[in-house]
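# pasting a predicted model and its sequence here:
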Amino acid sequence: MDKGIKLIFGDALEKLKEISDKSVDLIVTDPPYNLNKDYGFTKDNLEFDEYLEFSRLWIKEAVRILKDDGTLYIFMGMKYISYVYVMLEKEFNLHFNSWITWFYTQGIGKTRGFSPRHDDILMFTKDKKKFKFNLDDIRIPQKYYRSVNNIRGANPGNVWEVSHVHYSNKNRKKHPTQKPEALYERMILASSNEGDLVLDPFLGSGTAMRVCQQINRRGIGIEINKEYIEMSEERLNEHFYGFDSIDERMKRIPNDLNDEKLRKEYIENHKKWFLKNHNLEIEEFEKLYLEKYKDNSIKSKNRLKLFNE
């Protein structure tokens with residue numbers, strides 16, 4: 001296991017107290033939603049006020065250990081998210097930055113109402129102006145690759161379409177609420193630098209620490225379920241072929257690559273900028289490119305050369 005990653009077995013409410021003040025650069029976490037999910041022996045069906053108090057206690061510790069220029073991302077279910085928002089802003093004096101919607105096309109089906117197709121993520125910072133946000137590291141491809149746009153790409157916005165980690169995915173673990181690595185990749189790249197310390201006090205299947213490992217961040221993961229600690233350890237020791245998911249827009253091909261020299265430049269840049277940690281997506285990107293520009297693209301004998309350079 002990577003020496004820069006530390007997994008801690010125990011109750012987050014207790015283990016957080018052992019972490020020094022203002023020592024963590026970024027906190028990214030997916031706490032229990034209190035939906036009566038089966039996480040082993042832990043209780044996920046607290047009374048309403050009990051759950052809010054549980055949230056208040058761990059957030060209090062999180063704020064204490066977060067650096068003054070640090071950022072906090074919290075996945076939260078719709079039942080409690082507005083209460084947690086107010087708690088973060090009014091009780092702990094954090095500064096709201098973004099309400100992120102994770103949109104997915106498959107999920108729970110309903111016959112008496114609209115089927116849910118999104119989760120939400122709150123982004124708060126400790127200081128209103130002094131915080132890290134590495135936009136160039138998380139840009140998405142433009143629809144048009146031209147000088148009037150930033151050719152490096154666009155801001156991804158606050159609605160992210162990323163597929164669930166389906167049970168057919170080889171990276172799927174035996175955890176009921178495993179989140180896609182692409183979500184954590186974007187948050188961690190945006191709000192930390194290489195070598196920074198990232199904390200996930202509700203480690204679960206270990207996604208946050210797996211992402212930290214691959215993009216050169218140090219990490220601390222706390223988990224009360226021993227089986228999930230072991231699962232995370234195994235995951236950290238697995239060979240890395242690329243993250244298990246991607247924002248579909250990262251494979252977008254601009255509509256104005258009409259010049260041969262420009263196309264070659266763009267292909268090289270696209271892989272470097274948008275598919276750096278997604279080796280398994282490169283083949284599909286190449287296929288989409290060739291389909292889009294099959295009539296006026298580089299001669300076929302040069303196409304493979306283009307992609308292999």
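Noted; the coordinates are in hand.

# only C-alpha atoms, please: export whatever helix or strand E61 lives in in CSV.
Using DSSP states H and E, E61 sits in helix 48-65. The C-alpha trace of helix 48-65 is given here as CSV (Å, rounded to 0.1, in the frame of the first residue of the first chain):
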residue,chain,number,x,y,z
PHE,A,48,-34.2,12.9,12.5
ASP,A,49,-32.7,15.0,15.3
GLU,A,50,-30.2,12.3,16.1
TYR,A,51,-28.8,12.3,12.5
LEU,A,52,-28.5,16.1,12.5
GLU,A,53,-26.6,15.9,15.8
PHE,A,54,-24.3,13.2,14.4
SER,A,55,-23.7,15.5,11.4
ARG,A,56,-23.0,18.4,13.7
LEU,A,57,-20.4,16.5,15.7
TRP,A,58,-18.3,15.3,12.8
ILE,A,59,-18.5,18.5,10.9
LYS,A,60,-17.3,20.4,14.0
GLU,A,61,-14.2,18.3,14.1
ALA,A,62,-13.8,18.6,10.3
VAL,A,63,-13.8,22.4,10.5
ARG,A,64,-11.2,22.3,13.3
ILE,A,65,-8.7,20.2,11.4
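
# can you give the distance of that helix from its chain's centre?
Distance of helix 48-65 from the chain centroid (Cα atoms, centre = their mean, to the nearest Å) equals 22 Å.

# check stretch 133-144 too.
With Cα atoms, centre = their mean, you get 15 Å for stretch 133-144.

# ok so, going back, so for the helix holding E61, mean pLDDT?
Mean pLDDT, computed over helix 48-65, is 95.

# the helix or strand just after it vs helix 48-65, what angle?
The helix or strand immediately downstream of helix 48-65 is strand 66-76, counting by DSSP H and E. Using axes from the mean of the first three to the mean of the last three Cα atoms, to 10 degrees, the inter-axis angle of strand 66-76 relative to helix 48-65 is 150 degrees.

# for strand 66-76, name the packing helices and strands.
Judged by 3 or more Cβ pairs under 8 Å, 6 or more residues apart in numbering; DSSP states H and E, the packing partners of strand 66-76 are strand 24-29, strand 118-125, helix 181-191. No exception for glycine: its C-beta is placed from N, CA and C like everyone else's.

# for the helix or strand just after the last one, packing partners?
Toward the C-terminus, helix 181-191 is succeeded by strand 197-200 as the next helix or strand (DSSP H and E). Using 3+ Cβ pairs under 8 Å, 6+ apart as the contact test, the elements touching strand 197-200 are strand 24-29, helix 207-214, strand 218-223.

# got the CA positions of the last one in PDB?
The C-alpha trace of strand 218-223 is given here as PDB (Å, rounded to 0.1, in the frame of the first residue of the first chain):
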ATOM      1  CA  ARG A 218      -1.500  12.100   0.700                       C
ATOM      2  CA  GLY A 219      -4.600  10.700   2.300                       C
ATOM      3  CA  ILE A 220      -6.300   9.700   5.500                       C
ATOM      4  CA  GLY A 221      -9.300   7.500   5.400                       C
ATOM      5  CA  ILE A 222     -11.400   6.600   8.500                       C
ATOM      6  CA  GLU A 223     -13.800   3.700   8.500                       C
END
